[in-house]
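Colleague: predicted coordinates and the sequence they were generated for:
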Amino acid sequence: MKLKISHIKTILLIVFISFLYGFAMHRNKNRVIDDINVEFEKGSNFFMTTNNVVNLLNQKGNKVSKKKKGDIDVQLLEEKLKKHPMVEEAEVYVSIDGKLNTRIKQRDPIGRIKTDKEVFYIDKLGKKMPLSKNYSARVPLVTGNVDTKNFKDVFKLLHFVSKDEFLKKQVIGIKRDKKKEFSLDLRQGNQKVLLGKIDNLENKIYNLKALYKNLILQKKENKYKLLNLKYSNQVVCVKK
């Protein structure tokens, strides 16, 4: 008899806990979103603002802040954010306290491309992205004979520059001529570097670094207007 009473108590306790859990879940789902928290990944660019993200979430009069937690489609909101040309990754989740939390990773441009028809960024993945009214990235400007249908060699050079600390600080401009050869404009010394084709790139940059280090040591970095790296294993310098 005692055993049966014990079983009944256990069952009643389980039922009671289940009721409380169900009640809490129902109440939680019906709770209205009262705030939107936007967090940008550390080190991310500043192309987007918190207001930009909130406006995206509230597109077409569908205000997220007035919705119940249970009616929020987190995956749909993430997909909406990821479609924005400035967004690389997005994460959306609803917290217990009734806040809609959004974590944004913005795309990372490595160069600004200027053609006869348009100006845009190219990011670290080799994809086009528009300019922003909120922020201008300090990246090399690519001009000249730029083929908008094939950025393979342009991207290869920009990617190389973005991964090299010396080039990242020094290269402010890149030009591609009709022969598909490249030249670089350097910040220090205001010099032009003839790079030529995108072949043997590592060796050419190695020669440039060695020369530049020597010029700085001798305080002659402003003495030359042109550094020609087109020829194998040598650098031809032209004085100002």
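Modeller: Everything's here; your move.
Colleague: where does pLDDT dip in the chain?
Modeller: 1-33, 43-44, 59-62, 65-66, 69-70, 148-150, 189, 216-218, 221 (pLDDT under 70).
Colleague: do you have the helices of it handy? List them.
Modeller: Along the chain, counting by DSSP state H, helices occupy 2-29, 50-57, 74-82, 152-163, 165-170, 201-217.
Colleague: helices and strands around the second one, which ones?
Modeller: Counting contacts by 3 or more C-beta pairs under 8 Å, 6 or more residues apart in numbering; DSSP states H and E, helix 50-57 packs against strand 35-40, helix 74-82, strand 99-106. Backbone N, C-alpha and C define where each C-beta goes, glycine included.
Colleague: please repeat the previous calculation with a cut-off of 10 Å.
Modeller: strand 35-40, helix 74-82, strand 87-94, strand 99-106 (3 or more C-beta pairs under 10 Å, 6 or more residues apart in numbering; DSSP states H and E).
Colleague: could you do the shortest one as well?
Modeller: For helix 165-170, the packing partners by 3+ C-beta pairs under 10 Å, 6+ apart come out as helix 152-163, strand 182-186, helix 201-217.
Colleague: can you list the domain ranges for the protein.
Modeller: Annotated domains of the chain cover 35-106, 109-239 [automatic domain parsing].
Colleague: export those domains to CSV and tack on mean neighbour count?
Modeller: Converted to CSV, those look like this (neighbours: other C-beta atoms under 10 Å):
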stretch, mean neighbour count
domain 35-106, 15
domain 109-239, 16
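Colleague: just how off-centre is stretch 211-225 within its chain?
Modeller: Counting by C-alpha atoms, centre = their mean, to the nearest Å, stretch 211-225 is centred 35 Å from the centre of its parent chain.
Colleague: I meant to write stretch 203-215 there.
Modeller: Distance, centroid of stretch 203-215 to centroid of chain: 30 Å (C-alpha atoms, centre = their mean).
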